[in-house]
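Provide a 3D model corresponding to the input given below.
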Amino acid sequence: MTQVLLIQVTFIQAAISGLVDIVKQLKASYKLSVEIRQTIKELNRLSDKELTDIGISRGDIYSVANGSSDYLKRGA
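The predicted structure follows:
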């Protein structure tokens, strides 16, 4: 009987731990998406000349904000 209870408790602890991890991941994902939207918003407010001055074009804004641009890899 004791062993059955220990197995059940272990199972419940693992399930709770898994749920906590999922909530943490969702929170981090939401925070990142808010930051990306804010970056896109701020970059879209810049003029084409200002964007050129920092080395990106208007078409690069989404990639730069998402961190998938060659601009970031160049270390600009």
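
Only C-alpha atoms from now on, for both contacts and neighbour counts.
Fine.

which is the next helix or strand following the strand or helix carrying residue 41?
Following DSSP states H and E, one finds residue 41 within helix 2-45. Once helix 2-45 ends, the next helix or strand along the chain (criterion: DSSP H and E) is helix 48-53.

Next, the buried residues of that next one.
Along helix 48-53, these residues count as buried under the neighbour rule (16 or more other Cα atoms under 10 Å): residue 51.

Now for the chain, the helix or strand with the poorest mean pLDDT.
Counting by mean pLDDT, DSSP states H and E, the chain has its least confident helix or strand at helix 70-73, which shows a mean of 61.

In the chain, where is pLDDT below threshold?
Scanning the chain for pLDDT under 70 picks out 69-76.

Just want the most central residue of it.
residue 32 (3.2 Å; Cα atoms, centre = their mean).

Now do the contacts for the closest residue to residue 36 other than its chain neighbours.
Of all residues not flanking residue 36 in the chain, residue 65 sits nearest, at 5.4 Å (Cα to Cα, 6 or more residues apart in numbering). Counting by Cα atoms under 8 Å, 6 or more residues apart in numbering, residue 65 makes contact with 36-37, 39-40.

now the residue nearest to the centre of the chain: how far from residue 65?
Separation of residue 32 from residue 65 (Cα to Cα, to the nearest Å): 10 Å.

One more: residue 3?
52 Å.

now swap in residue 38 and tell me
Residue 38 is 9 Å from residue 65, by Cα to Cα.

got it, and residue 48?
From residue 48 to residue 65 the distance is 16 Å (Cα to Cα).

do the same with residue 26
19 Å.

Which residues are in contact with residue 1?
With Cα under 8 Å, 6+ apart, residue 1 has no contacts at all.

hmm, I was thinking of residue 3
Residue 3 neighbours (Cα under 8 Å, 6+ apart): none.

what's around residue 38, how many residues?
Residues lying near residue 38 (other Cα atoms under 10 Å) number 13.

And for residue 46?
Quick note: residue 46 (other Cα under 10 Å) scores 12 neighbours.

Pull up the gap between it and residue 57, please.
From residue 46 to residue 57 the distance is 11 Å (Cα to Cα).

What of residue 8?
Counting by Cα to Cα, the gap from residue 8 to residue 57 is 57 Å.
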